[in-house]
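Participant: need the 3D shape of this:
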Amino acid sequence: MSEAKKKFERDGYLIIDLDLNAVDLDQIILDMNKINASEQKKLNPEIYHYNEFPRLIEAWKQSEPVKSLALDSTVIATLRELYGQKPLPFSTINFTKGTEQPLHSDYFHFGSMPELMLAGVWVALQDIDPDSGPLAVAPGSHKGPIVLPEDLGITKVPKSMNDVKENYTVYEEYLSKFIADNEFEVITPKLKKGQALIWAANMLHGAGAIANREVTRYSQVTHYHFDGCDFFYNPNFSTRKKYVKRDLSESIIN
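Facilitator: Below is the predicted model:
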C-alpha cells in the first residue's frame, strides 16, 4: 500500500498538487463570474446556503474549464489508486467565497451500495486567504457511523424542501454533539492555487466564519462515485429497508 493511501485511510483526506495551467484556473473564475451574473445559473437550494454568497452547481454544463477540472487526469488517477475503481464524477459546486457551513458529511447526501464509495475533491482556484473562511476538516472523522435520518429519530419522509431543512437541522445538531463527544480536532489546511484536497465519503468538513467578507475564496468541489457499485441512493429520503435510488446516467460528466 502506498504512503498516500495509508494516510488517506488513516486521516480521511489527502492533499495533492495538480499540474495545472494557471490560465485555465483563471478561466474557471471568469466563467464562474459570467454564469453567476446570468439568468442561466443554477444554485444549491437555499437551505444549503449559510450566507449571501452563491454556491454554483452544474457549471460544468456551461464551462469547459470546469468540466476539464472535474476530469483532471491526476485527480482521476489518484482516486483510482485510493478506491481501486474507476471514478465517476457526477456533481460540481463552484464557490466565490467561504460558505460558513458547519461540519457535515457528504454521505448524508450521496450514498452508494457497497457503502462509502464516494469522494469529494476540493480544488483551490487561488491561494486561499486565512481570512476567507477556509475549508476545514476533522481528521479521522470518516471512521464514524453511516447515519440515515431514521438513526436520528426522524420518521417523516421529506415532501418539501422545508421538510428536508427540518431533518437536516436535526442532523447538524447531532453532528455538533458527535464532534464534541469524540473530541475531534478541526484543522484548516493551507491550500495554494492548483492544490486539491480529497476527502473520504464520511469525512466531516465545512468552513468557519469569514473574517474579511471582501476576500474571495474561489474554489471548485467535484463529487465522485465509483464504477462497480450496485446502485447509488439518496440518504435524505432512504431507510435501510427502502433505499431511494439515484440515477446518475444523465449527470455523470463524460
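Participant: buried residues in stretch 122-130?
Facilitator: Buried residues in stretch 122-130, defined by neighbour count with 16 or more other C-beta atoms under 10 Å: 122-126, 128. For the C-beta atoms, the positions are set from N, CA and C on the backbone; glycine is no exception.
Participant: list the buried residues in the longest helix along the chain.
Facilitator: Longest among the helix segments of the chain by residue count, using DSSP state H, is helix 161-182. Of the residues in helix 161-182, those scored as buried under the neighbour-count criterion (16+ other C-beta under 10 Å) are 164, 167-168, 171, 175, 178-179.
Participant: now do it, average pLDDT.
Facilitator: Along helix 161-182, the predicted local confidence has a mean pLDDT of 93.
Participant: run the chain-centre distance for it.
Facilitator: From the chain centre to the centre of helix 161-182 is a distance of 17 Å (C-alpha atoms, centre = their mean, to the nearest Å).
Participant: contact partners of it?
Facilitator: For helix 161-182, the external contacting residues (C-beta atoms under 8 Å, 6 or more residues apart in numbering) are 45-47, 102-105, 108, 138, 141, 144, 147, 149, 152-154, 156-158, 186, 204, 236.
Participant: all strands for the stretch 51-200 of the chain, in order.
Facilitator: For the stretch 51-200 of the chain, applying DSSP state E, counting those that start in this stretch gives strands covering 55-57, 87-95, 111-113, 118-124, 135-137, 195-200.
Participant: got the contact list for residue 213?
Facilitator: When contacts are counted by C-beta under 8 Å, 6+ apart, residue 213 touches residue 97.
Participant: wait, residue 130 touches residue 191, no?
Facilitator: No. Contact between residue 130 and residue 191 fails when scored by C-beta atoms under 8 Å: they sit 10.5 Å apart.
Participant: residue 18 is nearest to which of the strands of the stretch 51-200 of the chain?
Facilitator: strand 195-200 (5.5 Å; C-beta to C-beta).
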